[in-house]
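Participant: how would this look folded up:
(one chain, ligands or ions: 1)
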Amino acid sequence: MIHEFHNLSLRTRNSFGVEQRAARLIEFDTEEELRTLFAESVPDRWMVLAGGNNILFTQDYDGTLLVPRGEAIRLLDEEGDRVRIEAEAGVEWDDLVAWCAEQGLWGMENLSLIPGKVGAAPVQNIGAYGCEAKDVIESVRMFCPATQNFLVLAAEHCSFGYRESVFKHELRGRVVITSVTFRLSRTPRPNLGYGDLAREVEARGGASLDNIRAAVCAIRRSKLPDPAVLGNAGSFFKNPVVDRTTADRLRTRYPDMPTYPTADPERVKLAAGWLIDRAGLKGHREGHVGVHDRQALVLVNHGGATGGEVIALARKIQHTINERFGVAIDTEVNIL
Ligand code: EPU
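Facilitator: All right, here's what the predicted structure looks like:
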């Protein structure tokens, strides 16, 4: 069913909990409804709002927000140990991970408890604990209002990278993702290389799907604030990727600084959370906004914050990190 709202408060529709309004917001369930919505005319300004978990509104939105609500998950086919499933854009991401664990399907257990909807997962190629959505996505189905057609883009054409995809660039604002097809496995494939994960899994009795999911959920709950309690959008910044010379210079000065190799031997990924923490900003508070006291990569709304206040703190942090370490950190959150 289509639901249309006008001059609607977005406070409960963005995980930062900032108070901005949308001129128009339309919820739809099916692809047919979506096609109908665009059949007569394409609004001048529109965008998709999924769970609102990776977005910061700094002003009212004067166009049309589209909210996909289809929540079906389907097993498409099985061949050997490979299983293909399709989930509609409105499925809560963690409900999908839980469903896969119940079905004995391996591949996305490390992505447990990431807030957001399935349709948003390919956009920023969500990732955690050594796994990214691109590792399990086979294709993405979308509607293109300009041509009034549905199309399916295979993963190899989605330009996936670290928190990157074609949906943030060439296809930004041009398509509405309606479902995602995943390729999973019935063969156990534990991926426990990241941080404390192996130890947490061992403490729960070994590498079963349920234990890995429980361990990831426990680690996340211990570090990341629950948006229902403290408004936030997960990591506010991306981890910066720098050249090897910069990484070596910093490693000499800070021998305990974590670094991660990338596919390119000349480029090294640093931990923005560590840099912000080391700059003394963890737990730092300015009015209604602050840096989370257990994970410095996360900015939080202590209550009543505006998007402008969040941005002001973010710019200050970026400036401090640049001055102190000579490293530029980019925002991960979509700022509007
Ligand atoms: N660190 C600190 N202080 C902090 C935060 C981190 O010293 O306040 C250090 C940690 O001790 C560790 C390193 O920095 O040595 C990395 O920290 P962590 O493992 O917590 O991961 P992260 O790099 O800060 C990334 C993702 C998270 C994801 C975790 C786990 C990005 C932008 N963030 O954070 O994703 O959950 O790895 O895989 O890549 C998100 O995108 O919203 C998100 C939460």
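
Participant: enumerate the residues of the stretch 51-200 of the chain near the ligand.
Facilitator: Proximity of the stretch 51-200 of the chain to the ligand is confined to Ala128, Tyr129, Tyr194, Gly195 under the rule CB under 6 Å from any ligand atom. Every residue, glycine included, has its C-beta placed from N, CA and C.

Participant: likewise the stretch 201-336 of the chain?
Facilitator: 223-224, 234-235, 238-239, 258, 271, 273-274, 277, 282, 295-297, 332.

Participant: quick one, which of these are buried?
Facilitator: 224, 234-235, 238-239, 271, 273-274, 277, 282, 295-297, 332 (16 or more other CB atoms under 10 Å).

Participant: helices of this structure, start to end?
Facilitator: 31-39, 93-102, 197-203, 209-223, 244-253, 272-278, 307-325 (DSSP state H).

Participant: any idea which of those helices is most buried?
Facilitator: helix 272-278 (a mean of 21; mean count of other CB atoms under 10 Å).

Participant: go ahead and confirm Met47 touches Gly63.
Facilitator: Yes: taking CB atoms under 8 Å as the definition, Met47 is a contact partner of Gly63 at 6.9 Å.

Participant: who has more neighbours, these two?
Facilitator: Under the criterion of other CB atoms under 10 Å, the comparison of Met47 against Gly63 puts Met47 first, with 17 against 14.

Participant: bridge partners for that one, pull those for me.
Facilitator: Beta-bridge partners for Met47, by DSSP bridges, are Leu65.

Participant: now do it, the pLDDT please.
Facilitator: The score at Met47 is 96. That number is its pLDDT.

Participant: out of the residues of the stretch 51-200 of the chain next to the ligand, which are buried?
Facilitator: Ala128, Tyr129.

Participant: quick one: which of the residues of the stretch 51-200 of the chain next to the ligand sit in strands?
Facilitator: Using DSSP state E, the members of those that fall within strands are Ala128.

Participant: TSV please, covering the residues of the stretch 51-200 of the chain next to the ligand and showing pLDDT.
Facilitator: TSV is the format used below for these (pLDDT from 0 to 100):
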residue	pLDDT
Ala128	96
Tyr129	95
Tyr194	89
Gly195	81
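
Participant: for burial, what's the neighbour tally of the residue lying closest to Gly307 once chain neighbours are set aside?
Facilitator: Nearest residue to Gly307 in three dimensions, chain neighbours excluded: Thr58, at 3.4 Å (CB to CB, 6 or more residues apart in numbering). Number of residues near Thr58 (other CB under 10 Å) recorded here: 14.

Participant: and Thr58, its phi and psi?
Facilitator: Dihedral pair for Thr58: phi -110, psi 0, per degrees, to the nearest 10.

Participant: mind listing what it touches?
Facilitator: Counting by CB atoms under 8 Å, 6 or more residues apart in numbering, Thr58 touches Gln20, Thr306, Gly307, Gly308, Val310, Ile311, Ile335, Leu336.

Participant: out of these, who's nearest Glu286?
Facilitator: Nearest to Glu286 out of the contacts of Thr58 is Val310 (CB to CB; 9.9 Å).

Participant: gap between the closest one and Ile317?
Facilitator: Distance of Val310 to Ile317, given as CB to CB, to the nearest Å: 11 Å.

Participant: what of Ala50?
Facilitator: In terms of CB to CB, Ala50 sits 26 Å off from Ile317.

Participant: cool, and Ser208?
Facilitator: Using CB to CB, Ser208 is found at 40 Å from Ile317.

Participant: now do the strands in the stretch 51-200 of the chain.
Facilitator: Shown for the stretch 51-200 of the chain, the strands assigned by DSSP state E, counting those that start in this stretch span residues 55-56, 61-68, 73-79, 82-88, 127-128, 131-132, 137-144, 149-154, 176-185.

Participant: can you say which of these is packed in most?
Facilitator: strand 55-56 (a mean of 23).

Participant: now for the spatially most central residue of the chain: which residues touch it?
Facilitator: By CA atoms, centre = their mean, the chain has its centre lying nearest to Ile126, at 4.4 Å. With contact taken as CB under 8 Å, 6+ apart, Ile126 is in contact with Trp93, Leu111, Ile114, Gly116, Ala120, Glu132, Ala133, Arg163.
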